[in-house]
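>>> Below is the sequence, then the predicted model.
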Amino acid sequence: MMRRQAVVVGAGVGGLTAAVALVRRGWRVTVCERAVEAPVTGAGIGLAPNALRALRAVEVDVTRVTGGAVPDTMGVRRADGRWLVRTSTADLAARYGMPPIAVPRPALTVALTGALPGGVLRYGTAVTRVDGAGARAVVHTEGGEELAADLVVAADGIHSPLRRAYFPGHPGLRHLGETAWRALVEAPDVPVPAMSETWGRGERFGVTPLSDGRSYLYATATLPPGGAGAGDPRAELRRRFGSWHDPIPALLDRIDRLAEADVLRHDLYELAAPLPRLHQGRIAWLGDAAHAMAPNLGQGGCQAVEDAVVLAHLLPRGDTPACGAGDVPAALAAYTAARRDRTDAVRVRARRVGALGQLRHPLAVAARDLAVRATPVRLALRGMDDLFDGFRLPERPGSPGR
């Protein structure tokens, strides 16, 4: 029996998770990735309970493969070190069944690729276009190949060429008024007992300990596109944050040991409006290609994982006979219904949280800090329930062969 064929465009977190989930559903999968090799450096990534639960649904236990740092405390601080809000990870584990973890992004890539059969992942394979309107889609590559597919997963990132090609009237991306820096630093002699984000006036700095002894640092500042200039990002971070509370100065001292290229700097964007749907013909969009969002909730990658697992769950099995030409498109319509509203609500919420961190006027900052400090921790946690406890596998469309 011929198995159904899927082509995944992009080998980021969402694309690789989709590939794993589809393989688990009996599909034959090819992943086309423009980059010539897997990333060996880069940033960290936080995996909240919703993403961990989704990964376990497709038999990927990230904590077993990558470890995963679980600090004692998580919360938000002021630049002088005073806590605005904090909670123990034990409380989070009790509420959600597991705490959030943080891993180096390359380690997550290794964990996901390790769950794929050989020959699935093809680096150095750029997709130029997809014809997705027929009974089968055709994926065209830069090398001149034409790959026929029953399904194409567009996981081609925030600047998704496939999104632009199939939704030409969509307004596209909107700049969020911020620049972000990210880096992984070796600092075994610097105690980092907490996962914390510090809010200043239009600036933020995050510190996350990782299981391999490194720390993941990220920072944002209110700047126009390109506003950070072409200078050394290490010097820029020291200038902006070197006087903030411990352990930030000590960690920034270690950043000089990195090459300049190892400090990632990006302007921040979100999708300006939700897509009218997350599918078209036999193509499904997921992750940043479908709903690019601000990083303020740490949910960008988590929602991509949810997308991938839900998409594969709703599709017919790849190793069963086709039930008619419409079974895959019907499953993709169910995918849009299951994911579009949830992901857009997270996108909007992430932007609003970011707006709080961007406040610059002293009175507005003082009012914000007072409001955060006055909010009981139990109430703050309750406000995260829809994120951390919101992942559910929807009911599959009713048809034979599922």
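It's in.

>>> longest helix of the protein?
Secondary structure assigned by DSSP state H gives helix 327-357 as the longest helix of the chain.

>>> Let me know the average pLDDT across it.
This predicted structure assigns helix 327-357 an average pLDDT of 96.

>>> just the helices in the protein please.
13-24, 49-57, 62-66, 89-96, 105-113, 161-166, 233-241, 248-254, 288-291, 300-314, 327-357, 362-374, 377-382, 385-388.

>>> follow-up on the earlier one: next, the angle helix 300-314 makes with the longest helix of the chain.
Helix 327-357 and helix 300-314 are oriented at 160 degrees to each other (axes from the mean of the first three to the mean of the last three Cα atoms, to 10 degrees).

>>> what angle sits between helix 327-357 and helix 362-374?
Going by the same axes, to 10 degrees, helix 327-357 makes 120 degrees with helix 362-374.

>>> mind listing what's buried in helix 327-357?
Buried residues in helix 327-357, counted by 16 or more other Cβ atoms under 10 Å: 327-328, 330-336, 338-340, 342-344, 346-347, 349-351, 354, 356-357. Every C-beta, even on glycine, is put in place using the N, C-alpha and C of the backbone.

>>> Counting by contacts, list what it packs against.
strand 173-186, strand 264-271, strand 279-280, strand 283-285, helix 288-291, helix 300-314 (3 or more Cβ pairs under 8 Å, 6 or more residues apart in numbering; DSSP states H and E).

>>> Figure out how far that helix is from the centre of its chain.
Centroid displacement of helix 327-357 relative to its chain, using Cα atoms, centre = their mean, to the nearest Å, is 13 Å.

>>> so that helix versus strand 264-271, what angle?
Orientation of helix 327-357 against strand 264-271 (the same axes, to 10 degrees) gives an angle of 110 degrees.

>>> Next, work out how far apart residue 209 and residue 194 are.
8 Å (Cβ to Cβ, to the nearest Å).

>>> what about those two, which has more around it?
residue 209 (23 against 19; other Cβ atoms under 10 Å).

>>> quick revisit: spell out which residues are contacts of both of residue 209 and residue 194.
residue 71 (Cβ atoms under 8 Å, 6 or more residues apart in numbering).

>>> ok, back up a step: the longest helix of the chain vs helix 49-57, what angle?
150 degrees.

>>> Quick one: work out the angle between helix 327-357 and strand 173-186.
Inter-element angle recorded for helix 327-357 and strand 173-186: 80 degrees (by the same axes, to 10 degrees).

>>> Quick check, central residue of the chain?
Central residue of the chain (Cα atoms, centre = their mean): residue 301, 1.5 Å from the mean position.

>>> low pLDDT regions in the stretch 201-350 of the chain?
Counting by pLDDT under 70, the stretch 201-350 of the chain shows low-confidence ranges at 322-325.
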